[in-house]
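Undergrad: Need coordinates for the following:
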Amino acid sequence: MKGVAALALLAAAACAQPAVAQQDVQLHGYLDLRLVVPADETGWTGGGLGKTRYGGGSSVQAKFGGGALQGIWQVSPSWIAVADVQVQADALPRLSLLDAWVRFRPVSTSPWRWSAKLGAFFPPISLENDGIGWTSTWTLTPSAIDSWVGEELRTIGGELTVEHRGTAGTLEARAALFASNDPAGELLAARGWSLSDLTSGLGNHLREPDSYAAVIGEPAPTFYRPFDEIDHRIGWYAGATWKASGGSEFSLLRYDNRTDPASYEDYRGREVYGWHTRFWSMGAKARVGDVVLLAQAMDGATAVEPFPGLYLDSRMHAGYLLAGWDRGAWRPAVRFDLFDLHQRPFPHSPFSEHGNALTLALNWRPRPWLRLTGEWLRVDSTRNQRRFEGLDPRQADTQVQVSARVLF
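TA: All right, here's what the predicted structure looks like:
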């Protein structure tokens, strides 16, 4: 995976035009310090089944919310190379590469334009996470959909985009082929949905709940890597986006990693299986005066076959609606999430769940280099797996955060 990212950057260098005056290099980043009142239930990074990033306590705690550095190299008018590196105190390893890619988009004087992208990058799903280091500019914690995208999905391959620019707006059509990412779906099935801004870097090891380790007969803590290649099959996604001249947007995407659910790799002495993950993703954006409305929905499934004839297919659904005020230094936002997961063929599987979440956030930018954010998040979910830990299946957890983010 790191080799693919390196090849992408080398490709950009090889295709660079000799005119140095055309080149432009930019570095941007952030550092985030927080005061947090964690949710009561232990979070998944601590081996629990909590739905929030911080859990297992009720007193105010000082936390390092993370940092990121983004490099953008405009090699020429047609070539650009981008890479993001992050540091997170509660990730393994703490320093990791989020993405690294190169894009070729020739200059066009007609309504038609095309581009090609190569490397490791996020699939074009999120409407929230358009900040440095794939962070949300509306809240500290992204939606359940985008939390999962940040945890388990990364396109390691190439994407081709064709667009038509008209007076009413721009229509984009894209398709991608990718390798790796075969275990994507394991965390979703083992833990369920979460709402967390802890994004996985390439090569990160993700912890699974301790109760899940007991089910698969492994000692806790148990880890896996979501971006590994297991079955040597090529995955794909394809979709279209309409961007109206007035600022509204609508997108539809079909994703299928085509993983063989019976394939597996040996990792730290255990068998980590591939998960056949496929879904539809739909997103919409609109602006009414100073109010921005975002909506996303996901419908799909992820399946594994650990033994011949034992085909476990987890149907997943999630969606949210966000409304934010975009005017001046103050930027309040409210978001409501719904999510569920049903593992078949068992009607009362302990790994099925349903729930909702409400997020209230207030952002203040007193200076261009400083963003202050207060966030209140409440997640109400029911998951029978909690019985393994002696807990009631239904838990309603509240997490409060105050963040000071320095941007540079």
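Undergrad: Do I have it right that Leu358 meets Arg378?
TA: Yes - counting by Cβ atoms under 8 Å, Leu358 does reach Arg378; the two are 5.1 Å apart. Using the backbone N, CA and C atoms, a C-beta is placed for each residue, glycine as well.
Undergrad: Looking at the two now, which is surrounded by more residues?
TA: Arg378 (18 against 14; other Cβ atoms under 10 Å).
Undergrad: Provide a list of residues in contact with that one.
TA: By Cβ atoms under 8 Å, 6 or more residues apart in numbering, the contact set of Arg378 is Ala357, Leu358, Ala396, Asp397, Thr398, Gln399.
Undergrad: same check, this time on His205
TA: Leu92, Pro93, Phe223, Tyr224, Arg225.
Undergrad: Sort out for me which of the contacts of Arg378 are in strands.
TA: Under the assignment DSSP state E, those contribute Ala357, Leu358, Ala396, Asp397, Thr398, Gln399 to strands.
Undergrad: Pick the one among the contacts of His205 closest to Phe122.
TA: The closest of the contacts of His205 to Phe122 turns out to be Arg225 (Cβ to Cβ; 17.1 Å).
Undergrad: Identify the residue spatially nearest to that closest one, adjacent ones excluded.
TA: If the residues on either side of it in the chain are set aside, Arg225 comes closest to His205, at 5.9 Å by Cβ to Cβ, 6 or more residues apart in numbering.
Undergrad: so what's that neighbour scoring on pLDDT?
TA: At His205, the pLDDT value in this model is 96.
Undergrad: Distance check, it against Gly355.
TA: Between His205 and Gly355 the distance is 26 Å, computed by Cβ to Cβ, to the nearest Å.
Undergrad: can you check Gly319 too?
TA: From Gly319 to Gly355 the distance is 12 Å (Cβ to Cβ).
Undergrad: shared neighbours of these two, anything?
TA: In contact with both Gly319 and Gly355: Leu338, Phe339, using Cβ under 8 Å, 6+ apart.
Undergrad: Of those two, which one has the most company?
TA: A direct count of neighbours by other Cβ under 10 Å for Gly319 and Gly355 places Gly355 higher, at 23 against 17.
Undergrad: What is the neighbour count of the closest residue to the more buried one other than its chain neighbours?
TA: Of all residues not flanking Gly355 in the chain, Ser381 sits nearest, at 2.9 Å (Cβ to Cβ, 6+ apart). By other Cβ under 10 Å, 27 other residues sit near Ser381.
Undergrad: residue contacts, Ser381?
TA: Lys51, Gly192, Trp193, Phe339, Glu353, His354, Gly355, Asn356, Arg394, Gln395, Ala396.
Undergrad: Just the buried ones among those residues, please.
TA: Lys51, Gly192, Trp193, Phe339, Glu353, His354, Gly355, Asn356, Gln395 (16 or more other Cβ atoms under 10 Å).
Undergrad: Need the contacts of Ser381 in a markdown table (columns: secondary structure and distance to Arg405).
TA: Output for the contacts of Ser381, formatted as a markdown table (DSSP: H, G, I helix; E, B strand; the rest coil; distance: Cβ to Cβ, whole Å):
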| residue | secondary structure | distance to Arg405 |
| --- | --- | --- |
| Lys51 | coil | 23 |
| Gly192 | coil | 29 |
| Trp193 | coil | 25 |
| Phe339 | strand | 27 |
| Glu353 | strand | 32 |
| His354 | strand | 33 |
| Gly355 | strand | 28 |
| Asn356 | strand | 27 |
| Arg394 | strand | 34 |
| Gln395 | strand | 29 |
| Ala396 | strand | 28 |
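Undergrad: From these, pick the one nearest Gly166.
TA: Using Cβ to Cβ, these come closest to Gly166 at Phe339, 36.7 Å.
Undergrad: Look up how far Phe351 lies from that closest one.
TA: From Phe339 to Phe351 the distance is 14 Å (Cβ to Cβ).
Undergrad: what do those two both touch?
TA: By Cβ under 8 Å, 6+ apart, no residue touches both Phe339 and Phe351.
Undergrad: got the contact list for the most centrally placed residue in the chain?
TA: Residue closest to the mean C-alpha point of the chain, counted by Cα atoms, centre = their mean, is Gly150 at 1.9 Å. By Cβ under 8 Å, 6+ apart, the residues touching Gly150 are Phe122, Asn129, Trp134, Pro142, Asp197, Leu198, Thr199, Ser200.
Undergrad: which two from those end up farthest apart in space?
TA: Spatial extent of the contacts of Gly150 (Cβ to Cβ) is set by the pair Phe122 and Leu198 at 14.9 Å.
Undergrad: Between these two, which is the more surrounded one?
TA: Leu198 (23 against 19).
Undergrad: From what I see, the more buried one and Gln88 are in contact.
TA: Yes - using Cβ under 8 Å, Leu198 is in contact with Gln88, at 6.3 Å.
Undergrad: who touches both of those two?
TA: Joint contacts of Leu198 and Gln88 (Cβ under 8 Å, 6+ apart) are Gly66.
Undergrad: The chain: helices as residue ranges?
TA: Secondary structure of the chain (DSSP state H): helices located at 2-14, 144-152, 186-191, 210-215.
Undergrad: about what we covered before: export the contacts of His205 as JSON lines, with columns for distance to Pro77, pLDDT and neighbour count.
TA: Converted to JSON lines, those look like this (distance: Cβ to Cβ, whole Å; pLDDT from 0 to 100; neighbours: other Cβ atoms under 10 Å):
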{"residue": "Leu92", "distance to Pro77": "40", "pLDDT": "94", "neighbour count": "15"}
{"residue": "Pro93", "distance to Pro77": "37", "pLDDT": "96", "neighbour count": "11"}
{"residue": "Phe223", "distance to Pro77": "44", "pLDDT": "96", "neighbour count": "16"}
{"residue": "Tyr224", "distance to Pro77": "42", "pLDDT": "96", "neighbour count": "19"}
{"residue": "Arg225", "distance to Pro77": "38", "pLDDT": "97", "neighbour count": "20"}
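Undergrad: pLDDT below threshold where in the chain?
TA: 1-22 (pLDDT under 70).
Undergrad: ok, back up a step: now, which of the contacts of Arg378 sits nearest Phe250?
TA: For the contacts of Arg378, the nearest to Phe250 is Ala357 (24.0 Å; Cβ to Cβ).
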